[in-house]
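Enquirer: Got a predicted structure plus its sequence, pasted below:
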Amino acid sequence: MRLNRLDLTRYGRFKDAQITMPKPQGDASDVTLIYGPNEAGKSTAFTAYLEVLFGMKARDHPYDFRFKRSDLLVGAELEFPTHGPMVVQRNGKKTQSLLDDQGRPIDDTFLSAALHGLGRDDYVERFSLNDEGLRQGGARIAAAQGDLGQLLHAGVSGLTTIAATLDQMTARADRFHKKGGRGTSLKVAKDRLTEIGQQLRAARLTPDRDRALVAAKDKAQAVFDAADSTLGTARLREAACQAAQVWFDRTEDIRLIDMKLAEFPEGPDLRKGAAEAVARLVAIMSEKSLRMTEAAENLEKLTKIIDDNPVDPLADVLADELAQLDRHLIDGAPLLARAATAASDLGKRIKDRDELGAQIDQILTALDMADVPVASSVLTSRELEDLALAAQAVVTCQNDAVTTADAVAFAQDQQGDAPAEPQDLSHLQTTWDAWPAVADISATEATAASETARLANAVAGLPATWKDLIDAGLPARETLADVSRSLATTVAELATAQAESEKQGTTYALAQAKRQADEATPAAIDATATAQTRRARDATWAAHRNGLSTETATAFETAMHVDDDAQASFAAGADARGQLATARRDEAAALVLRDSAQDRLDRATETHREVTAQSAALASALGLAPETSPTAFTERHTALSQAAEIAAKSSNATAGFNAQSARRSAALADMALASKAVGIECADSDLPSRIQAALTLQESVRQTWARWTRAQETITALKVKADHATSQKDAADQTLAALTHALPLAGRTAADIINALPTLRNLGQLQAEHDKLSLRIEALENAIAQLDGSAQRIMAMSGEGYDPDVSSLTIIEQARSRVTSAERTTLRRTEAQERHADATNARKLAESAITIAQDELADWFKGQGAEDATPTARIALLSERDVLRNARNTHETTRDSARAAVKTDLFEDELGVLPDASRAAAVQQLLDDAQEARDLALGAHREAIRVHQEAFDADDRSDLATEQATILEEIRAEAQHAAVARLGVLAAKGALRRLASERRTTMLRDVENAFVAITAPAWSSVDVWSQSEGEKLVGVQPDGSVVPVEMMSTGTMGQLYFALRVAGYRTFARDFGPLPMILDDIMETFDDVRAKAALQLCSDIGRSGQAIIFTHHAHLVDLARDTISGVNIVEMPR
Amino acid sequence: MRLIVSADTHLGSPIRSAALRNPLLGEGLKQASLDTFRGIVDLAISEDADALVLAGDIFDNDFPDLKSRAFLITQLARAADAGVSSVLIRGNHDALIDHAVHGDLGLDIHLLHKGNPSVEISGVMFHGLSFDKNHVADSFLPDYPAPVAGRTNVGLMHTSLGGSPGHDPYAPCSEQDLFAHGYDIWCLGHIHMPFERTSGSMVAIMPGIPQPRHYGERFGGSVAVVTLGDGAPQVARRDVGHLRFVEAKLDLTECVDQSDVLDVIGAALKDAQDSVHVTAARLQVITARHTAEDIHALATELLEGIDRVFLDKVKASPPPNLNNDHVDDLSRLMREEAQEAGFQQASAEVLEELRGVLPPTVRDVLSADVLTELLDDAINEVSLSLHGMDVE
């Protein structure tokens, strides 16, 4: 196949463009070099060519920016070996997109056969090459390590990743499983499966496991029961042993106690608490005697103290004077406390006050206010604060006014002239937004045409009145079926009814004849007839008896004979009468059946007539002859229904097309009007692009205008701010002037005032301190005068004369000492008097208590011996006796209780072996052993229960079962993948060996020629080495040295790849016929020598088939002209 | 009377799909068989059924656990409390409900077996026989009681019916023989694909597995609701499964670029989406240049934005009508190579080596029977990988 011309009818930026590839003249190589600068559309042209061959991309087409995808159209003139040149076109439809030069659909299989079944990607792989592909191909075939099969495969197929593919597949299989591999996914999965299996076994309570656990539990229970019984027996033995020992020991104790009791006095047991009571009473008597002695001694000492502390008569008046003096305060402190320092303090305070006065004078002079009274010069802190704020406000407002004025000036300098104001394109935008929806009418147009054609097809076999028939309304399909079915039924019924009628008519006729024949038989006469003959005979007899004539006699004779015959026949005719009756019944039945059959025939005839009329009416409604059989109705009905449906669709499609055309025109008119309103005027065809440009730029214009407007607003705002700052400054000046108006500061500037403020604050402080000192000096002088007055009154009370040389403080302190001494004396005397009364009373109480104790003591000892002993010794003796008595009782109780608590036989056994020092230990050992055995059995039993319960309560491990199943599924899938990969590699390697063997004869020379041509003089030939792993391609240099492919440089490798592709092309062309080879700037990085060699190889391709070279390098054009004889140079269309 | 008919619940048997590698799905479906059974009991109660009929294989021999038996008893007791009696027979997987070993199941739970083949519930006779061992090669039918005259007779049988090639027969029995026995309804078990057969007013119901465990059981997922009244029994189906398996076929041959490929895969996955069920999708992809691995990766990425759909497996195969071996040397020569005796020997060895290291339960995946199929896949895989990689 050859590409003669490529038509870029509506594609990318192209419209009605063509690229022609002229046929070579004579023996010239078929090479076309298409030149165009960058962005000239070479890639577009290549894609267009592919889409001609294989169809357009379904979605997101890269070249539908100028024309909508539905409008895209490309074409080509292709020359086929069998058909010659042929023009084909390709549009963007999903089906029937391949068209001939008249726009008629062509079956894609036509092209597919010419392309030998190659798909788009296959074609690109085999019949295109660009610079990147050349470099990548060179790099990738290095991985083949010179393997001849792989290299030839790359040349033939254009696929360069066979080595990498096989490596990847091997790696994939190895990742799943490799002998000795530790981290393979299979190993990891199997390890995990083992873990899961163990955990599941532990978690599952299988029936076997349950049986084993239950058996273990039962066994442990039995062991425990036995051990528990043994322990019970051991415990009883141990208790009996202990009881016997108790009995034995207590009996001995009782015997010893009885011996001791014989030595104690008689008498009842002491009452409870006797010992304590006696001890208490003895202690009371002793203590009370002691108290009486102490009271006598105390009374003597207290009498002496009272006598030694008499009363001071002046103490009260002196105390009043001192209290009055203590109430007088100075500076918050008592007068006396401050009096000591007042004299010296007074002098220092006066000196300080004078110094402050001097400082105030100096300040007033410095402020140039010496003549102003101090009171007028001193300002309050509030006044000073207001003054400071007002002065500072004046300074701040001045600065603001200057700053804002500067900002206004700067902004006005920066603002340039006003740009163009944007227009309102909203209406234009609205009309533009509506445009895409109606722009493309090709689809509806095609639909309308297609439906029209379908309609023509559909009505081809119908009468000319088909439309009238449809308009008149087609009968329902069910009606047709009903009538058809009814007609068939009625025809059948009619035939049946006719046959039945004939049959019943015949039957009736036969029955009638039979009845008539039977009636004709004399024996068939019935009783009625004989009664009639008898009545006739009797009547003739009566007539004859009355008339007695010959006629009456004859008539009577005749009637008598008839009657006799009738009577005789009747008597002999029972059978005949039965037969006649049957004949009559049969006749009547046959008559009914005949009439019924006739009715049925009449009804069937009527029904048939009606249904035939319906059928005729339906036939007419369907445009058929009235006599047409209903069997033809369905086909005609279907044809008419389809025609109706297609007619409706056709009508809808046409209406849709007309409506869309109208909408498109209206939208275009709207756009034109909207455009005109904003100054865009052009031809309708250019309108969309002009509108798109205007709408695209409107945002930029709008932003520029917005920026300028915002700057203008900023200047205005700055001006407002500057005016505001000026007015603020004037207001601050007025405020300051108002504050300084009444002060000796009037007329001074704000800065002067701010500078004077610290001095004014200092002046205020100094004047305040001066006033405070003056007040303090006056208070000190008053205190000293009061102190002296008090001293004079004290001296007068004591009757002594006042001595001015004695300090008033000394006099007052002496008086205070006297008062204090009198207070202490009074206190001691009073206390002694109170204690004297107490001691007297205590002595009386002690005497009474001793008497009561002696009476109680006698009562406690009533009836007891040992009267001569002291109460203490006596009670001790009696108490010891009672202790022995109690011990004896306790021993008896203990002994009895011990024996009662154990089994008698065991007790007797144990008592029998006593005394035996080792018996208790031996019995205890038996008990310990039994206890230990029972504990062990109990533990084992509980453990068995726990284990069984735990098995029931084990966590649900559905997660593990699920994971196990998932892992097995993954292994299943991965095992398949791994097997497929291993088998694939095995098959591919075998196939590549076969390829090497199959193609080496035909391809190797082509590879060598191409390789040497492009690399000369560096390489002289190629050779093939046979190795154990297969045949290997090597390069041979002019000096005979051999270089394996993988040792070649990157550049050489690329050239080898090119040589392989050239050889592959020639092979394909030989085997199947040539297809165009597209070479896209493959010589971009070649120097002139290499480029020339590459062009020579392109020339080789051209000799086998067709080479189309795209380039944007002008020098390659000249180089191609020099290198390839007859090369076609074509420029990309503009 | 209304019956809920189910069978082959295989309690404790997990779902087998690589889709469950997704942790959320795996966690959610780890007890799928139990959850589904619970749902069946809920359905019986909500439908006010008179009886729940379980036609065998309630448990699974591969997952024996008495805790599952406790679960069964709890659920059936719950049904009994709500007035729903249970009638069941043992299938070839049901050693856990061997009454001789483990005792009765409880009040209103009727296990039918040779010693107790019939029970009457609300005037309807139920007849059934249980498997006493894992495999029974002879028909049970002759041992079934005769129908009780004047009553509706319901039969329970666990049977492989006429059987299918490659599968052992289990209590085999023809459909004609079943209907000839005279019962009004047969509730069957063992075959996991659901179906119904009728003969006059008689009906035989194979309820199918209520929760499909793998792709091969994708037609299951329901139970039958049978209403008995005047005339023939009415049979309806109710979905009870939590996960369904679907097959999604897609064709990538028309795709020009990756965007097209993603669109086609995405559309197929969205088609597989169901508003109620979680879906495990198996993609059967026709493509000339994508490996299953590639498609798996793309689909996994797309599924991040599609709720309730997970990937079970991807199978990629070339277009069936692609026949360009005459221009594709490698494919042609690989097929020729595959016919060579030496190659087949080497292939069998490769397969055997891999098979030998697999866990025994999955070795069937690489049995000698599948060698031809694997070889075909292998040749396709080389071609798909080669073209796919070169496109990159």
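Expert: All right, it came through fine. Numbers count the residues shown, from 1 in each chain, chains lettered A, B, ... in the order given.
Enquirer: is it true that A:T1085 touches A:D131?
Expert: Yes. Here A:T1085 reaches A:D131: they are 6.5 Å apart, a contact under C-beta atoms under 8 Å. C-beta here means a position set from N, CA and C on the backbone, and glycine is covered the same way.
Enquirer: Can you tell me the element residue 5 falls in?
Expert: Just so you know, I chose chain A. Using DSSP states H and E, A:R5 sits within strand A:2-11.
Enquirer: Chain B, not that one
Expert: Using DSSP H and E, B:V5 sits in strand B:2-6.
Enquirer: strand partners of that strand, parallel vs antiparallel please.
Expert: If you go by DSSP bridges, strand B:2-6 pairs up with strand B:51-55 (parallel), strand B:222-227 (antiparallel).
Enquirer: Give me the longest helix you can find in chain A.
Expert: In chain A, assigned by DSSP state H, the helix with the most residues is helix A:958-1015.
Enquirer: Whatever helix or strand comes next after that helix: how far from the chain's middle?
Expert: Of the helices and strands lying after helix A:958-1015 in sequence (DSSP H and E), the nearest is strand A:1021-1027. The chain centroid and the centroid of strand A:1021-1027 are separated by 62 Å, computed with C-alpha atoms, centre = their mean, to the nearest Å.
Enquirer: Got the phi and psi for the residue of chain B most remote from its centre?
Expert: What lies farthest from the middle of chain B is B:V327; by C-alpha atoms, centre = their mean that is 43.7 Å. Note on B:V327: backbone dihedrals following degrees, to the nearest 10 are phi -110, psi -10.
Enquirer: That one contacts A:L118, doesn't it?
Expert: Yes. Look at B:V327 against A:L118 with C-beta under 8 Å: they come within range, at 6.4 Å.
Enquirer: And the residue in the stretch 701-850 of chain A positioned nearest to chain B, how far from A:T709?
Expert: The minimum distance from the stretch 701-850 of chain A to chain B, using C-beta to the nearest C-beta, falls at A:Q703 (34.2 Å). Applying C-beta to C-beta, to the nearest Å, the value for A:Q703 to A:T709 is 11 Å.
Enquirer: Burial check on the residue nearest to A:F907 when sequence neighbours are not counted, number of neighbours?
Expert: Nearest residue to A:F907, sequence neighbours excluded (C-beta to C-beta, 6 or more residues apart in numbering or on different chains): A:A240, at 4.8 Å. For A:A240, the neighbour count with other C-beta atoms under 10 Å in any protein chain shown is 24.
Enquirer: A:A240: helix or strand, and which one exactly?
Expert: Residue-wise, A:A240 maps onto helix A:207-261 under DSSP H and E.
Enquirer: Please compute how far that helix lies from its chain's middle.
Expert: 68 Å.
Enquirer: what do you get for stretch B:232-243?
Expert: 15 Å.
Enquirer: before we move on, what about stretch B:307-327?
Expert: Centroid separation for stretch B:307-327 versus its chain: 24 Å, with C-alpha atoms, centre = their mean.
Enquirer: ok, now stretch B:176-184?
Expert: With C-alpha atoms, centre = their mean as the basis, stretch B:176-184 stands 27 Å off its chain's centre.
Enquirer: Residues touching that stretch, excluding its own?
Expert: Here stretch B:176-184 makes contact (C-beta atoms under 8 Å, 6 or more residues apart in numbering or on different chains) with B:127, B:139, B:141, B:144, B:146-147, B:152-155, B:157, B:186, B:199-204, B:228, B:233.
Enquirer: For B:G150, the count of nearby residues, please.
Expert: Neighbour count of B:G150, defined by other C-beta under 10 Å: 7.
Enquirer: what's the answer for the one 10 residues further on, then?
Expert: Taking other C-beta under 10 Å as the neighbour definition, B:S160 ends up with a count of 19.
Enquirer: can you check A:D909 too?
Expert: A:D909 is flanked by 14 other residues according to other C-beta under 10 Å.
Enquirer: Ok, A:A1107 next?
Expert: 28.
Enquirer: so the nearest residue to B:Y215 once chain neighbours are set aside is in which element?
Expert: Distances taken as C-beta to C-beta, 6+ apart place B:F245 nearest to B:Y215, at 4.7 Å, with adjacent residues excluded. B:F245 is part of strand B:243-251 when elements are defined by DSSP H and E.
Enquirer: Pull out the buried residues from that strand.
Expert: By neighbour count with 16 or more other C-beta atoms under 10 Å in any protein chain shown, strand B:243-251 contains the buried residues B:243-246, B:248, B:250.
Enquirer: right, is the very next helix or strand once past that strand up against chain A?
Expert: Once the chain leaves strand B:243-251, the next helix or strand it forms, by DSSP H and E, is helix B:258-271. Yes. Counting by C-beta under 8 Å from any C-beta of the partner chain, chain A has neighbours in helix B:258-271: B:259-260, B:263.
Enquirer: what's in contact with helix B:258-271?
Expert: Applying C-beta under 8 Å, 6+ apart, the contact partners of helix B:258-271 are A:57-60, B:248-252, B:254-255, B:281, B:283, B:290, B:295, B:298-299, B:302-303, B:306, B:309.
Enquirer: Repeat that for stretch B:289-296.
Expert: The contact list for stretch B:289-296 (C-beta under 8 Å, 6+ apart) reads A:121, A:172, A:977, B:252, B:261, B:265, B:283, B:285, B:287, B:311, B:314-316, B:381, B:384-385, B:387-388, B:391.
Enquirer: Mind checking which of those residues are in strands?
Expert: Judged by DSSP state E, these include B:283, B:285, B:311, B:314-316 as members of strands.
Enquirer: Which one of those residues is nearest to A:R454?
Expert: Within those, proximity to A:R454 (C-beta to C-beta) peaks at B:V285, which comes in at 35.9 Å.
Enquirer: Check the burial of that closest one by counting its neighbours.
Expert: A total of 26 residues lie near B:V285 under the criterion other C-beta under 10 Å.
Enquirer: Ok, A:A279 next?
Expert: If you count neighbours by other C-beta under 10 Å, A:A279 ends up with 14.
Enquirer: How about the one 10 residues further on?
Expert: The local packing of A:S289 (other C-beta under 10 Å) involves 13 other residues.
Enquirer: which sections of the chain are below the confidence cut-off?
Expert: I'll assume chain A. Along chain A, the parts satisfying pLDDT under 70 run over A:331, A:340, A:343, A:746.
Enquirer: Chain B, not that one
Expert: B:321-324, B:389-392.
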